[in-house]
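Trainee: Build me a structure from this.
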Amino acid sequence: MSNEILPRVCLIGTSNGVMRNGYAAELAKQPYFSYFENRSIGFSSSHLFFYALNQKKLLNFDYVILDFACNDGSLLYSDALSEQEIQSTVSDAIRQVIMAGSTPIVLILPIDAGSLTTSWIRRVYRDICERSGVLFFDAYHFAEEILSFDSRITQNDLFQDYMHVNIAVAQGIAQALGERIKAVWDQKISSRRHLLAGREYRFFSCSELGKELPHPVMRATSLVSASVHDFGPAMGYDVYLSDQWELAAVVMDFAHSEGVLSISGETNFRLGISSEHFRGDSDSLVFGIWPLRHHVKPHRNFLRINVLPKTNADAVVAVYDSLKRFPPSAALVGFVACRELNSEPSSSASHDAIELSEKLATAPVRSASASILSANSIK
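Mentor: Residues are numbered from 1 along each chain as shown. So this is what the prediction gives:
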C-alpha cells in the first residue's frame, strides 16, 4: 500500500463547475488528490468567492482552484462589469486564499466570444496571474491545441453554448489540470505571498446590516441554501454599512425578484430585474450574484433600499420585460462590499507566475479531439 501524501483541493467556481459530467466531476475522479471539495455556484461573478468564503472558511487545503473567467467575461463584454473591478476581485480572492494558508490556482476557462487568441477576458486574467506570480491554467491554450490537432475541428465544435465548453473538452481540461497539479505538488511548488490587491472584499448578509427588515425565509436547491429577505414596494429600508465600505455586488434569489432594486447612498444604483426567472409564490431558489457597475458608498453609514416598478435602470439582469405582470419585489440574501486595504502592497512576486497549461501532454488533447470527431461523425 502506498504511503504517498496527496494534496487536498478545493474548487470555487461558477456554472461550468456544477455541470453534470463537467470538468469538476472529472477532477473529482482524478487519482492525484486525497480530497476534493467543490463549492461552485452558477449565475455569479467573481464576487462569488467572498460569499463562498463567508459560508465556509478555507481550512487545510493545499490548493484552491478559482474559476470565474467565463462569467466575468460575459459581464465584461456586456458592460455590466469593468476590467478594473475584475482585477480587484480576483486579486483579492488570490490574496485571501494565500492568507488562509493555501496555494491558489487560477483556472481560465474559455467562452465562445470571437477569437480565442485575442480574447479580452483571457488577457485580463492572464495579466492578473502574471502580475501576482501565481499558478494558473489557461484553458484557452488547451482549446487551441485541440484546433491544431485536427483541422476538421472548428471552434464551434468546442462549445455547447456561449458560456460552456462541451463535455469532451471539459473532461480533457480536467485530466490535463489534474496531471499538472500533481506535478507541481511533487515539485513542492507554491505561491505564498501577499499580493497587489488594492481592495478587500467581504460578504455581508442582510441580517448583519439591518434589524427592521422583512423576516427571512430559507430557500434551497441541491447546491445552495440561503436565508432570503423578500423586500416589497410598500416602503424603503435603511441598512447600516460603515462609510469605509462601498457596495460592489448584490446577492439575490432571482426566482422571487422582479422590478427595479434601488440602492441609494452618496450615489444611487438601480438594477432592473426581469421576469425571466420569476417564480412568484413558489419555494424555488435561483441564487445569483450580480455586480454593481458603479459602487454605492453609504451616506453617513447608511444605505436606502427601495423596490420600484418598471422604471429607468442603470443595468438589467436577463431580459428586461413584462415587469407590469407582478408586484415589484427583491429577494435579497446580502451584499458584497469592498474597502481600500490599509497595508502596503508587495512590490514583487516571490517567483514568476507558473502557467500549468504550457507543454500539455498529448493524451488529454487527443482524447478530447477523438470524442469531438466521433460526436460530429467526421470520418
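Trainee: Tell me where the stretch 201-350 of the chain has strands.
Mentor: Counting by DSSP state E, counting those that start in this stretch, residue ranges of the strands within the stretch 201-350 of the chain are 216-220, 225-231, 237-240, 246-253, 259-264, 268-273, 287-296, 302-308, 315-317, 330-340.
Trainee: which neighbours does the third one have in its sheet, and in what orientation?
Mentor: What it means is strand 237-240. strand 302-308 (antiparallel) (DSSP bridges).
Trainee: Going by neighbour count, list what's buried in the partner strand.
Mentor: L303, R304, I305, N306, V307, L308 (16 or more other C-beta atoms under 10 Å). The C-beta positions use only the backbone N, C-alpha and C, and glycine is treated the same way.
Trainee: Relative to L261, which of those is nearest.
Mentor: Closest approach between these and L261, by C-beta to C-beta: V307, at 6.1 Å.
Trainee: right, and that closest one touches V260 too?
Mentor: Yes. Taking contacts as C-beta atoms under 8 Å, V307 lies within contact range of V260: 7.2 Å.
Trainee: residues bridging contact with these two, i.e. touching both?
Mentor: Both V307 and V260 are in contact with P328, where contact means C-beta atoms under 8 Å, 6 or more residues apart in numbering.
Trainee: buried ones in the biggest helix by length in the chain?
Mentor: Longest helix of the chain, by residue count under DSSP state H: helix 167-186. The neighbour-count check on helix 167-186 (16+ other C-beta under 10 Å) flags 167-182, 184-185 as buried.
Trainee: neighbours around S222, how many?
Mentor: 6 (other C-beta atoms under 10 Å).
Trainee: what do you get for F136?
Mentor: 25.
Trainee: and if you look at Q160?
Mentor: Q160 has 14 nearby residues by other C-beta under 10 Å.
Trainee: cool, and E340?
Mentor: Counted with other C-beta under 10 Å, E340 comes out at 10.
Trainee: Show me what the one helix or strand G73 maps to packs onto, helices and strands only.
Mentor: In the assignment (DSSP states H and E), G73 maps to helix 69-77. When contacts are defined as 3 or more C-beta pairs under 8 Å, 6 or more residues apart in numbering; DSSP states H and E, helix 69-77 packs onto helix 83-99, helix 120-132.
Trainee: what's in contact with that helix?
Mentor: With C-beta under 8 Å, 6+ apart as the criterion, helix 69-77 contacts 14-16, 43-46, 81-83, 86, 90, 107-111, 113, 119-122, 124-125, 162-164, 291.
Trainee: give the contact list for Y140.
Mentor: I108, P110, L116, T117, S119, R122.
Trainee: PyMOL command for the buried members of these?
Mentor: Burial among these is assessed by 16+ other C-beta under 10 Å; the matching PyMOL selection reads:
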select buried, resi 108+110+116+119+122
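Trainee: Switch the contacts of Y140 over to TSV; also include distance to A331 and pLDDT.
Mentor: As requested, the contacts of Y140 are exported to TSV (distance: C-beta to C-beta, whole Å; pLDDT from 0 to 100):
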residue	distance to A331	pLDDT
I108	32	97
P110	32	96
L116	37	92
T117	41	89
S119	34	94
R122	34	97
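Trainee: could you dump the contacts of Y140 to JSON lines with distance to V9?
Mentor: Output for these, formatted as JSON lines (distance: C-beta to C-beta, whole Å):
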{"residue": "I108", "distance to V9": "17"}
{"residue": "P110", "distance to V9": "22"}
{"residue": "L116", "distance to V9": "27"}
{"residue": "T117", "distance to V9": "29"}
{"residue": "S119", "distance to V9": "26"}
{"residue": "R122", "distance to V9": "23"}
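Trainee: Going by distance to L332, which of the contacts of Y140 wins?
Mentor: Among those, I108 lies closest to L332 (C-beta to C-beta), at 31.0 Å.
Trainee: any idea how far D283 is from that closest one?
Mentor: 36 Å (C-beta to C-beta, to the nearest Å).
Trainee: can you check A234 too?
Mentor: Where D283 is concerned, A234 sits at a distance of 23 Å (C-beta to C-beta).
Trainee: and these two? which has more neighbours close in?
Mentor: D283 (11 against 8).
Trainee: Measure how buried L59 is and give me the count.
Mentor: 10.
Trainee: Quick check: mean pLDDT of stretch 261-280?
Mentor: If you average the pLDDT over stretch 261-280, you get 82.
Trainee: residues contacting L48?
Mentor: I12, T14, I41, F68, I289.
Trainee: F159 now?
Mentor: Taking C-beta under 8 Å, 6+ apart as the definition, contacts of F159 comprise I111, D112, V165, N166, V169.
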